[in-house]
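Asker: The sequence isn't on hand, but the structure is:
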């Protein structure tokens with residue numbers, strides 16, 4: 001079984017840095033944090049430091065399950081919530097990396113339940129309920145649970161985003177600028193409803209490109225084939241991973257943004273800011289405040305019923321969307337170089 005020293009050696013950092021990463025401390029540089037989480041994932045490591053901390057401090061600990069160790073959006077959000085809980089309220093916080101696959105999430109929750117943490121914060125992996133996880137949560141009476149980012153389990157409180165509205169806003173933004181051939185790169189069928197709603201509001205019964213969910217592990221090569229087949233004028237990539245895969249595909253095709261194709265991505269991260277990509281995003285501070293209040297309220301008994309707090313999305317426009325209304329011939333779908 002791998003230890004924190006093994007993770008430290010592989011990541012090229014000290015064991016103390018590994019401990020700080022798994023406590024969710026924001027003082028760790030993002031590059032270092034990413035290296036530690038990648039090493040932990042490669043070694044299939046679950047932080048043993050959790051056991052010693054939890055044995056000493058079982059009544060003031062909150063565990064965070066990070067669904068994607070490579071996604072800076074989740075890491076930053078969890079770190080911000082952890083900082084407030086630790087610094088303002090004296091809680092111990094622990095983060096488990098990469099619970100992307102359902103069996104790892106269930107195993108991680110069982111691990112923390114065995115040490116009687118007060119609250120477990122997790123992000124559902126997809127829009128379908130996992131019966132094993134649902135049964136595990138229903139049986140637990142002492143630990144509190146909070147869904148972060150999206151709402152999947154109806155009997156579990158959540159701080160989440162109105163991503164259906166977000167998709168509607170993104171699609172309307174493109175439609176108002178003359179785009180009709182819009183490719184959606186997403187695995188989230190419920191979220192795609194927002195795209196359909198935008199088309200209906202615009203009086204478009206049949207989209208030029210079918211709106212359908214893709215596999216969660218869609219590759220850049222698959223996106224390349226989709227672009228070659230449908231010749232879209234714009235793409236909406238729903239989530240960090242799909243944005244990176246789409247950007248890689250467009251790079252392979254030597255398509256320029258926005259001259260050859262427009263692009264909107266969900267979640268504002270360092271690479272979208274650096275590349276000037278328009279994004280659908282949310283008020284991160286509102287998410288942090290609502291999450292902290294929900295966690296503390298459930299623990300101290302103020303909130304006994306299921307509470308859902310939805311943070312509205314907004315579009316942050318940058319230079320990645322071309323206004324086709326300024327073109328004489330309108331849109332026919334961009335040609336590949």
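Answerer: Everything's here; your move. Here the structure is a predicted model, which is why all the values come from computation and not from measurement.
Asker: Now do the helices in this structure.
Answerer: Here the chain has its helices, by DSSP state H, at 4-11, 15-22, 30-42, 49-56, 72-89, 102-113, 131-139, 163-176, 189-201, 220-230, 240-252, 270-275, 284-300.
Asker: name the helices or strands packed onto the third one?
Answerer: Of the remaining helices and strands, those touching helix 30-42 by 3 or more C-beta pairs under 8 Å, 6 or more residues apart in numbering; DSSP states H and E are helix 4-11, helix 15-22, helix 72-89. (Each C-beta comes from the backbone N, C-alpha and C, glycine too.)
Asker: mind redoing it with 6 Å?
Answerer: Counting by 3 or more C-beta pairs under 6 Å, 6 or more residues apart in numbering; DSSP states H and E, the packing neighbours recorded for helix 30-42 are helix 4-11, helix 15-22.
Asker: closest to residue 213 out of the helices of the chain?
Answerer: Comparing the helices of the chain against residue 213 with C-beta to C-beta, the closest turns out to be helix 189-201 (4.4 Å).
Asker: Is residue 185 in contact with residue 240, as I believe?
Answerer: No: in this structure residue 185 lies outside contact range of residue 240 using C-beta atoms under 6 Å: 11.8 Å.
Asker: Just want to know which of those two has more residues nearby.
Answerer: residue 185 (25 against 21; other C-beta atoms under 10 Å).
Asker: Per-residue pLDDT of the more buried one, please?
Answerer: pLDDT, residue 185: 95.
Asker: can you check residue 114 too?
Answerer: Among the per-residue scores, residue 114 holds a pLDDT of 74.
Asker: what's the neighbour count on it?
Answerer: Around residue 114 there are 10 other residues, counting by other C-beta under 10 Å.
Asker: ok, now residue 319?
Answerer: By other C-beta under 10 Å, the residues close to residue 319 number 12.
Asker: still on that earlier bit, okay, the helices of the chain in a markdown table with distance to residue 149 next?
Answerer: Below are the helices of the chain laid out as a markdown table (distance: least, C-beta to C-beta, whole Å):
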| stretch | distance to residue 149 |
| --- | --- |
| helix 4-11 | 26 |
| helix 15-22 | 20 |
| helix 30-42 | 17 |
| helix 49-56 | 22 |
| helix 72-89 | 8 |
| helix 102-113 | 14 |
| helix 131-139 | 15 |
| helix 163-176 | 9 |
| helix 189-201 | 12 |
| helix 220-230 | 23 |
| helix 240-252 | 12 |
| helix 270-275 | 17 |
| helix 284-300 | 8 |
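Asker: Can you flag the weakest of these by average pLDDT?
Answerer: Of all these, the minimum mean pLDDT falls on helix 49-56 (a mean of 52).
Asker: how much space between the residue lying closest to residue 245 once chain neighbours are set aside and residue 150?
Answerer: The shortest distance from residue 245 to any non-neighbouring residue, by C-beta to C-beta, 6 or more residues apart in numbering, is to residue 220 (5.1 Å). Between residue 220 and residue 150 the distance, using C-beta to C-beta, to the nearest Å, works out to 25 Å.
Asker: picking up where we left off before, can you say which of the helices and strands packed on helix 30-42 is packed in most?
Answerer: helix 15-22 (a mean of 20; mean count of other C-beta atoms under 10 Å).
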